[in-house]
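J.: whatever this is, show me its structure:
(chains A and B)
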Amino acid sequence: MTITEQRTQTYGYSDLPGLMGLMTGDEKHGPAATSTLDVLWVLYDRVLRVGPDSADDPGRDRFLLSKGHGPMAYYAVLAAKGFLPADWLPGFGSYDSPLGHHPDRTLVPGVEIGSGSLGHGLPIAVGTALGLRAQGLRDPAVWTLIGDAELDEGSNHEAIAFAGPAGLDRLHTVVVDNSSASYARPGGIAARFEAAGWSARTVDGRDHEALYDAFTAPHPGRPHVVVARVEPKNA
Amino acid sequence: MDTMRDRFAPVVTQLLDEDPRVAVLLAEVGADRFTEALRRHPDRVVNVGIREQLLVGAASGMALAGLRPVVHTFASFLVERPFEQVKLDLGHQDVGAVLVSAAASFDWPAGGYTHMAPGDVALLDTLDGWTVHVPGHPDEAETLLRHAVAAGDDKVYVRLSLQSNAAGRPVDGRRFLTVREGRAGVVVAVGPMLDNVLAATEGLDVTVLYATTVRPFDADALRRATEAAGTDVVVVEPYLAGTSTGAANDALADLPHRVLGLGVGRAELRRYGQFDEHLAAHGLDAGSLRERISRFTAGGVPAGV
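T.: Here you go, the predicted structure:
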């Protein structure tokens, strides 16, 4: 387990269920209750080069949460990492709270895009990668997280098919696969990306070392996708 | 005469040279006009292929990264097809872009209804904060394109058309121009409608205002015009009839007034042909306009009769 030191507060992975409980009122939130928790933790704890002090730095890594549904794990991780105060969490979803059931980038520090309608994050991430490249910013990585059922949206396929041939090697996608799509992607999720020229890894979405290895695998000249498989939603 | 679209690529290519924030996003349409710009600025001229959701989504990402994206395709594929991207990826993300459309309401009638977008401005009217330029001449298009790109991080729509007035006028990206003054009615002519409106109102005692920036709507100019010409107002627009009726009503909300909105009808014609035939079918030729404006305004009686 990794512990993060913030100036005022220290939270680790084991604190995330408690932070999520502040939003849901459920003290016993296990990690399995949210498919994205481990992916988000490993990214923010070990991979993304961004923190509360660099949230507006042009050279920061960007993380775009495309799957805006069920953002409790996201808010919990942002609170754990000091982007927002933990005492915002109990107001989750209320009129006076900046924390909605879908995130709004203009209201929440560290949130790069507002999401909720599915299929928007990956095209925006493509544009972000293009925009950084056009300014000579070759170092920042752009990440987006989508769900396996979200891949039903055709906008993703416009982005996948473009990003590979365009050689957007600073673009990264995590597909959290909890088997929630009604119609499984023919040939599997990774194959869809590989066919468009992406680098692809499929790993256990609860295994922090496996996630870290997949997230940091070299992929010169190509965008990179990590398919993080977790328990089926309806199992 | 060259077209508005003939000006688009040279103007934007020059802006690419001058301003490192400017980027161009295309979806095949018009890409051949940007060959030289692409050679000079390979990272700031991007053709995403025939992918209009990605076109607008990528513009959002570019804007989030700090650029000023100029996004171009036919109006039907720029505003209508990816409308949710326009609403969310630009508006909801609180970023700006310059959307530059071609083909307008029926620039290519032989192409049929799939390439007609009379509802584009009305659709943008459901959203907050859009500036809408409707140039009526290639010179005006050039001025308004420069204005749009220079407008900070605003959301700006520039509606280019093959339909054009014979002469350009000194537009400023904000105000309506007074082209003719009368005492018995105000006619607001939008963009390429001006020449037909001037022909239609020849000898009628009406004020003619010329609008090339319709959002925000120049309410002050309309109110000032009504002081001398009265509050019978006709708005003649090259897109869906009535699109600006609400804006004209709001401008005159505290005065008794009447507004007639003329423009492209809702009903699908299912006709091909030439755009002057479509103008006539929608009652936007000079003869039809004269009859409809005369019937509505007190200025319908020719001056001196």
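J.: show me which helix runs longest in chain A.
T.: Among the segments of chain A that qualify as a helix by DSSP state H, the longest is helix A:121-134.
J.: can you tell me the SS state at the closest residue in space to B:Asp139 that isn't next to it in sequence?
T.: Nearest residue to B:Asp139, sequence neighbours excluded (CB to CB, 6 or more residues apart in numbering or on different chains): B:Gly168, at 3.3 Å. (C-beta placed from N, C-alpha, C; glycine too.) Secondary structure, DSSP: H, G, I helix; E, B strand; the rest coil: B:Gly168 is coil.
J.: check which element follows the longest helix of chain A along the chain.
T.: Note on helix A:121-134: by DSSP states H and E, the next helix or strand toward the C-terminus is strand A:142-147.
J.: can you pull the buried residues of the helix or strand just after that next one?
T.: Downstream of strand A:142-147, the next assigned helix or strand under DSSP H and E is helix A:154-163. Neighbour counts using 16 or more other CB atoms under 10 Å in any protein chain shown place A:155-163 of helix A:154-163 among the buried residues.
J.: then stretch B:207-216?
T.: Buried, per 16+ other CB under 10 Å, within stretch B:207-216: B:207-215.
J.: one more: stretch B:145-163?
T.: For stretch B:145-163, the neighbour count (16+ other CB under 10 Å) marks B:145, B:147-149, B:151, B:155-161, B:163 as buried.
J.: which members of the buried residues of helix A:154-163 additionally contact chain B?
T.: Under the cut-off given by CB under 8 Å from any CB of the partner chain, chain B has A:155, A:158-159, A:161-162 from those close to it.
J.: residue ranges with poor pLDDT in the chain?
T.: You didn't pick a chain, so chain A it is. Low-confidence segments of chain A, defined by pLDDT under 70, are located at A:1-9, A:27-33, A:235.
J.: that's the wrong chain, I wanted chain B
T.: B:299-305.
J.: what element comes up after the top strand by length along it heading to the C-terminus?
T.: Ranked by residue count, the top strand of chain B under DSSP state E comes out as strand B:232-240. The first helix or strand that comes after strand B:232-240 along the chain, using DSSP H and E, is helix B:245-251.
J.: off-centre distance for that next one?
T.: 17 Å (CA atoms, centre = their mean, to the nearest Å).
J.: can I get whichever helix or strand comes after it as CSV, trimmed to CA atoms?
T.: Later in the chain than helix B:245-251, the nearest helix or strand by DSSP H and E is strand B:258-264. The C-alpha coordinates for strand B:258-264 follow below in CSV (Å, rounded to 0.1, in the frame of the first residue of the first chain):
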residue,chain,number,x,y,z
ARG,B,258,-45.3,43.8,-34.7
VAL,B,259,-42.7,41.5,-36.1
LEU,B,260,-42.8,39.4,-39.3
GLY,B,261,-40.1,36.8,-39.7
LEU,B,262,-39.2,35.8,-43.2
GLY,B,263,-36.7,33.2,-44.2
VAL,B,264,-36.5,29.5,-45.3
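J.: what strands line up against strand B:258-264, and which way round?
T.: Applying DSSP bridges to the sheet, strand B:258-264 is found paired with strand B:232-240 (parallel).
J.: just how off-centre is the partner strand within its chain?
T.: Centre-to-centre, strand B:232-240 and its host chain are 12 Å apart (CA atoms, centre = their mean).
J.: list the buried residues of that strand.
T.: For strand B:232-240, by 16+ other CB under 10 Å, it's B:232-240.
J.: contacting residues for the residue in the stretch 151-300 of chain B that chain A sits nearest to?
T.: Closest to chain A within the stretch 151-300 of chain B is B:Asp153: 13.1 Å, counting by CB to the nearest CB. Contacts for B:Asp153 (CB atoms under 8 Å, 6 or more residues apart in numbering or on different chains) come out as B:63, B:68, B:95-96.
J.: which one of those sits closest to chain A?
T.: Closest to chain A, out of all of those and judged by CB to the nearest CB, is B:Ala63, at 7.5 Å.
J.: was I right about the closest one contacting A:Thr128?
T.: No. B:Ala63 lies out of contact with A:Thr128 (CB atoms under 8 Å); the separation is 9.3 Å.
J.: Serialize the buried residues of stretch B:207-216 to TSV and add fields for distance to B:Ala189.
T.: Output for these, formatted as TSV (distance: CB to CB, whole Å):
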residue	distance to B:Ala189
B:Thr207	11
B:Val208	6
B:Leu209	7
B:Tyr210	6
B:Ala211	7
B:Thr212	10
B:Thr213	13
B:Val214	11
B:Arg215	16
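J.: so what's whichever residue of chain A sits closest to chain B closest to, chain neighbours aside?
T.: Residue of chain A nearest chain B, by CB to the nearest CB: A:Gly127 (2.2 Å). In this structure, A:Gly127 finds its nearest non-sequential neighbour in B:Gly61, 2.2 Å apart by CB to CB, 6+ apart.
J.: so how far is the one helix or strand the one you found maps to off the chain centroid?
T.: B:Gly61 belongs to helix B:52-64 when elements are defined using DSSP H and E. How far helix B:52-64 lies from its chain's middle: 22 Å, per CA atoms, centre = their mean.
J.: check which helices and strands it sits against.
T.: Helix B:52-64 sits against helix A:121-134, helix A:154-163, strand B:22-26, strand B:68-74, helix B:83-85, strand B:97-102, with contacts defined as 3 or more CB pairs under 8 Å, 6 or more residues apart in numbering or on different chains; DSSP states H and E.
J.: thanks again, I'm all set now.
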